[in-house]
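Novice: fold the following, please.
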Amino acid sequence: FTPHGEIDLLLGLTDDTLQIIVRDTGPGLPADADHGLFVPHYKDEKGNPAPKLGLGLTMAKEVIDALHGTITYRSSPGQGTEFSVAIPVSTATEATPVIIEATAEPPSPHRLDDNRRAIIAENGSINRLYIKRVLELAGYQVAQASNGAIAMESAIEGSWDFILMDVSMPKMDGLEATRRIRAHESGQPGRHTPIIALTAHAYTEDRQACAQAGMDGFLSKPFTETALWAEIHRVLDSLEPHS
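Specialist: All right, here's what the predicted structure looks like:
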């Protein structure tokens, strides 16, 4: 919030308290900020949403409350703000051995033929390349799409085992792309391309929005390779005809 300045992080540990202080030299906070500072969707003095305020502090406070700690702040307009966190701790009297069970290998690809094809519709290039590599190692031919419009065109023009669809993308988001794909498929009886949502939002309403748009699966970011295959298998199994 300021072109010049600094942020200090101070940590302290006593016998029973972990203390964390975050101090900045930004513009400071208004005197009545405490009325909504730790509440999601904090608004400025004009009533306009201020997306960079509130959500991060809300999550921080929830974590601190869960640890039975406290968070306080003091601020000077034009000079900066200091947040102080105190979390109760205790000293372990005896080390407890931790046994880590061996985990299973990531699920194998769902189908064994040589014509497996998938679309990765993902706004982030790094995420897209990572998922592409995972699928290619499993034998899939992969088409990439950086936005919903490209994903929709690819889906309509070809036949695919499944589509991994990022919900938030430029030009056309994943929900709209899915709706258009489903509208196109409605004129072709028996055609239904499995679509799995990829999203950083994991609330119930987000899942409902994806389902209403016509998506078959849901993966919240970040996810593991094992979780990716598990959801792909679940969706493909659920859509296979059963005798």
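Novice: what about this protein, any weak spots by pLDDT?
Specialist: For the chain, residues meeting the criterion pLDDT under 70 lie at 1, 34-36, 40-55, 92-114, 242-243.
Novice: okay, helices next: where are they in it?
Specialist: Listed in chain order, the helices found in the chain under DSSP state H are 55-66, 125-137, 148-157, 174-185, 204-213, 225-239.
Novice: how about Phe38: what's its closest non-neighbour residue?
Specialist: Closest residue to Phe38 apart from its sequence neighbours, by C-beta to C-beta, 6 or more residues apart in numbering: Lys61 at 4.7 Å. Heads up, the C-betas are built off the backbone N, CA and C, glycines and all.
Novice: wait, doesn't that neighbour sit right on Ile71?
Specialist: Yes. Counting by C-beta atoms under 8 Å, Lys61 does reach Ile71; the two are 5.7 Å apart.
Novice: just to revisit the earlier point, distance-wise, check the residue nearest to Phe38 relative to Thr70.
Specialist: Look at Lys61 and Thr70: by C-beta to C-beta, to the nearest Å, they are 10 Å apart.
Novice: burial count for Glu205?
Specialist: When counting by other C-beta atoms under 10 Å, one arrives at 8 neighbours for Glu205.
Novice: and the gap between His4 and Gly80?
Specialist: Distance of His4 to Gly80, computed by C-beta to C-beta: 12 Å.
Novice: center of the chain - which residue?
Specialist: Central residue of the chain (C-alpha atoms, centre = their mean): Ala200, 2.1 Å from the mean position.
Novice: contact partners for it?
Specialist: Listed by C-beta atoms under 8 Å, 6 or more residues apart in numbering, the contact set of Ala200 reads Ser168, Ser220, Lys221.
Novice: now do 7 Å
Specialist: For Ala200, the set of contacting residues under the criterion of C-beta atoms under 7 Å, 6 or more residues apart in numbering consists of Ser220, Lys221.
Novice: and it, backbone torsions?
Specialist: Backbone torsions of Ala200, given as degrees, to the nearest 10, read phi -80, psi -10.
Novice: tell me how far it lies from Val134.
Specialist: From Ala200 over to Val134 the distance is 19 Å, taken as C-beta to C-beta.
Novice: how deep is Val142 tucked in, by neighbour count?
Specialist: Neighbours of Val142 under the rule other C-beta under 10 Å: 19.
Novice: looking at it, it is touching Glu136, isn't it?
Specialist: Yes. Assessed by C-beta atoms under 7 Å, Val142 is found in contact with Glu136 at 5.8 Å.
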